[in-house]
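In: The sequence and its predicted three-dimensional model are supplied below.
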Amino acid sequence: MEARNTQADIRWTIKAMRVNQNMTLDQAASQLCISKSMLAKLERGERRLSLQTARAMSHLYGVSLDLFAEQ
């Protein structure tokens, strides 16, 4: 049985990927076509990640979309 990411794991992963790419919130939000506020809320776990934004993050950070799968 494959383990799935929890919301807390995804929240941490979103920020870690951005920081690993040496991107500011402004830079990443611009590339993802979302507001800086929205990205910050995603990183804090205050908003749920949409499929569209997960796809954009997958492309931007060069990771599999599966990384964002939840239980």
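Out: All right, it came through fine.
In: Would you map the strands across the protein?
Out: Secondary structure of the chain, counting by DSSP state E: no strands present.
In: any low-confidence regions in it?
Out: Flagging of the chain using pLDDT under 70 yields the residue ranges 1-8, 70-71.
In: Pick out the residue closest to the middle of it.
Out: residue 14 (3.5 Å; Cα atoms, centre = their mean).
In: quick one: the helices in the protein?
Out: Per DSSP state H, the chain carries helices over the ranges 7-20, 25-32, 36-44, 51-61.
In: next one: phi and psi at residue 35?
Out: phi -80, psi 160 (degrees, to the nearest 10).
In: before we move on, back to that, any chance of the helices of the chain in TSV, plus distance to residue 67?
Out: Just so you know, the C-beta spots here come from the backbone N, C-alpha and C atoms, and that holds for glycine as well. Below are these laid out as TSV (distance: least, Cβ to Cβ, whole Å):
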stretch	distance to residue 67
helix 7-20	7
helix 25-32	15
helix 36-44	14
helix 51-61	7
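In: of all the ones you listed, which lies closest to residue 68?
Out: Smallest distance to residue 68 across those (Cβ to Cβ): 4.2 Å, for helix 51-61.
In: Now tell me what touches that closest one from outside.
Out: 14, 17-18, 20-21, 28, 31-34, 42, 49, 63-65, 67-68 (Cβ atoms under 8 Å, 6 or more residues apart in numbering).
In: Could you identify the buried members of those?
Out: 14, 17, 18, 28, 31, 32, 34, 42, 49, 67, 68 (16 or more other Cβ atoms under 10 Å).
In: Could you dump those into JSON lines and include distance to residue 56?
Out: Formatted as JSON lines, the buried ones among the contacts of helix 51-61 follow (distance: Cβ to Cβ, whole Å):
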{"residue": "14", "distance to residue 56": "11"}
{"residue": "17", "distance to residue 56": "12"}
{"residue": "18", "distance to residue 56": "12"}
{"residue": "28", "distance to residue 56": "10"}
{"residue": "31", "distance to residue 56": "8"}
{"residue": "32", "distance to residue 56": "5"}
{"residue": "34", "distance to residue 56": "8"}
{"residue": "42", "distance to residue 56": "11"}
{"residue": "49", "distance to residue 56": "10"}
{"residue": "67", "distance to residue 56": "13"}
{"residue": "68", "distance to residue 56": "11"}
